[in-house]
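*Asks:* My questions are about this predicted structure, shown below with the sequence.
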Amino acid sequence: MSDFSKEGTRRSGKAGDLTLNYYEAGSPTEVGGGLPLVMLHGGGPGASAWSNFGAALPGFAASFRTLLVDQPGFGASDKPEVVGNYYRHSADHVVKLLDELGIDRIHLLGNSLGGGTAMRLALTHPDRVGRLILMGPGGLSLNLFHADPTEGVQRLMDFSADPTREALRAFISTMVVNKKLVTDELVEERFADATAPGAQAAMSSMGMSFWNPETAEDGMLWREAHQLRKHTLLTWGREDRVNPLDGAMVALKLIPKATLHVFPNCGHWAQIEAADEFREVATNFLARHVERSV
């Protein structure tokens with residue numbers, strides 16, 4: 001029987017000057033042309049590869065060699081000061097990790113902040129990516145009707161200003177429709193990670209990369225969306241209060257090979273709140289990939 005526990009799947013690897021933590025399970029199958037699937041988590045306080053995707057790992061590992069990567073500054077990965085815009089900073093280090101692991105091409109799935117990293121990686125290193133799945137992605141989510149900051153982003157900023165359990169619970173509550181998912185255990189786990197040594201400084205450095213005029217524009221990925229030539233699945237929770245659904249429209253219009261799937265009664269965490277449907281939709285999309293001849 002496979003061990004899908006957190007410690008049983010935990011690995012680490014060099015990514016240039018950093019060490020990145022990741023979780024790995026599964027072996028290649030014919031699904032998706034045999035390419036590995038890399039998942040990149042969101043960027044809220046206490047976020048990590050395991051907190052976003054640990055529960056989804058067994059289902060995806062049935063079809064793919066699956067790697068859940070703690071992006072720089074999160075989870076058990078190194079937490080350096082961000083150089084340039086965070087999306088590029090993270091994407092460059094994820095590619096270096098793939099080089100270290102001898103992985104040439106991947107399918108790439110990114111949630112929120114991880115969606116922005118995935119988009120930047122696909123734009124900068126198109127030869128490394130097969131298909132792309134973006135879940136309420138940052139950088140591409142251009143809110144046409146909602147105010148900025150959105151409710152979820154405002155709650156994130158509230159926590160940064162006053163990092164308490166109450167503020168964290170308020171933030172997590174914007175992630176989902178089903179408030180039963182916001183358990184005391186989840187709040188404690190995320191709070192421990194959010195207040196671990198180096199975590200708050202890393203969060204601040206990441207955030208400033210989107211506010212600093214010298215680096216913020218590089219994160220406006222919607223301006224480059226027309227350049228993406230990958231088959232791209234945009235997934236959104238209809239009730240997303242972090243990156244609302246209207247933010248999908250520009251990306252859907254501009255990305256030539258984009259498809260949009262909307263999950264009803266679902267917030268920002270489709271992989272948790274609509275777990276079975278999300279896995280089915282994502283796997284079917286990746287299964288249509290035909291790997292190029294070598």
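*Replies:* Perfect, I can see it now. Everything numeric here is computed off the predicted structure, so don't read it as measured data. Numbering: from 1, shown residues only.
*Asks:* how far out from the middle of the chain is stretch 58-67?
*Replies:* 16 Å (C-alpha atoms, centre = their mean, to the nearest Å).
*Asks:* For that stretch, measure first residue to last.
*Replies:* 11 Å (C-alpha to C-alpha, to the nearest Å).
*Asks:* What average pLDDT does it get?
*Replies:* The average of the pLDDT scores along stretch 58-67 is 98.
*Asks:* Mind listing what's buried along it?
*Replies:* Gly59, Phe60, Ala61, Ala62, Ser63, Phe64, Arg65, Thr66, Leu67 (16 or more other C-beta atoms under 10 Å). Glycine gets a C-beta too; all of them are placed from N, C-alpha and C.
*Asks:* Which phi and psi values does the last one adopt?
*Replies:* According to degrees, to the nearest 10, the main-chain angles of Leu67 amount to phi -120, psi 120.
*Asks:* which residues touch it?
*Replies:* Leu67 makes contact with Tyr22, Tyr23, Glu24, Pro36, Leu37, Val38, Met39, according to C-beta atoms under 8 Å, 6 or more residues apart in numbering.
*Asks:* Bridged to the third one, which residues?
*Replies:* Applying DSSP bridges to Glu24 yields these beta-bridge partners: Leu67.
*Asks:* Tell me the spacing between it and Ala91.
*Replies:* Per C-beta to C-beta, to the nearest Å, Glu24 is found 19 Å from Ala91.
*Asks:* who's more crowded, those two?
*Replies:* Using other C-beta atoms under 10 Å as the criterion, Glu24 and Ala91 rank with Ala91 on top: 26 against 18.
*Asks:* can you give me the helices for this protein?
*Replies:* Taking DSSP state H to define them, one finds helices in the chain at 6-9, 49-53, 57-61, 86-101, 113-124, 151-161, 165-173, 184-194, 199-208, 213-216, 248-254, 270-273, 275-287.
*Asks:* Out of the ones you listed, which is the most enclosed?
*Replies:* Neighbour counts (mean count of other C-beta atoms under 10 Å) averaged over each of the helices of the chain peak at helix 113-124, with a mean of 27.
*Asks:* which other residues reach that helix?
*Replies:* Contacts for helix 113-124 (C-beta under 8 Å, 6+ apart): 39-43, 47, 52, 71, 86-88, 90-92, 94-95, 108-110, 128-129, 132-140, 206, 219, 221, 224-225, 227-228, 230.
*Asks:* Can you say which of these are buried?
*Replies:* Counted by 16+ other C-beta under 10 Å, those give 39-43, 47, 52, 71, 86-88, 90-92, 94-95, 108-110, 128-129, 132-140, 206, 219, 221, 224-225, 228, 230 as buried.
*Asks:* Which ones among these lie within strands?
*Replies:* Met39, Leu40, Leu108, Leu109, Gly110, Val129, Leu132, Ile133, Leu134, Met135 (DSSP state E).
*Asks:* can you name the two of those that are farthest apart?
*Replies:* Val129 and Met135 (15.9 Å; C-beta to C-beta).
*Asks:* and the gap between His226 and Pro163?
*Replies:* From His226 over to Pro163 (counting by C-beta to C-beta), the distance is 39 Å.
*Asks:* more crowded one of these two?
*Replies:* Pro163 (16 against 11).
*Asks:* quick one, what contacts the more buried one?
*Replies:* Listed by C-beta under 8 Å, 6+ apart, the contact partners of Pro163 are Pro45, Ala194, Thr195, Gln200.
*Asks:* Quick one: these as a markdown table, columns for distance to Val182 too.
*Replies:* Listed next are the contacts of Pro163 as a markdown table, based on distance: C-beta to C-beta, whole Å:
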| residue | distance to Val182 |
| --- | --- |
| Pro45 | 14 |
| Ala194 | 15 |
| Thr195 | 18 |
| Gln200 | 21 |
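*Asks:* could those residues go into a markdown table alongside pLDDT and distance to Pro256?
*Replies:* Shown next, in a markdown table, are these (pLDDT from 0 to 100; distance: C-beta to C-beta, whole Å):
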| residue | pLDDT | distance to Pro256 |
| --- | --- | --- |
| Pro45 | 96 | 36 |
| Ala194 | 97 | 38 |
| Thr195 | 96 | 43 |
| Gln200 | 96 | 40 |
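*Asks:* which one of the buried residues of stretch 58-67 sits closest to Pro28?
*Replies:* Nearest member of the buried residues of stretch 58-67 to Pro28, counting by C-beta to C-beta, is Arg65, at 5.1 Å.
*Asks:* so who does that closest one touch?
*Replies:* Glu24, Gly26, Ser27, Pro28, Pro36, Leu37.
*Asks:* Try it again at 6 Å.
*Replies:* Gly26, Ser27, Pro28, Pro36 (C-beta atoms under 6 Å, 6 or more residues apart in numbering).
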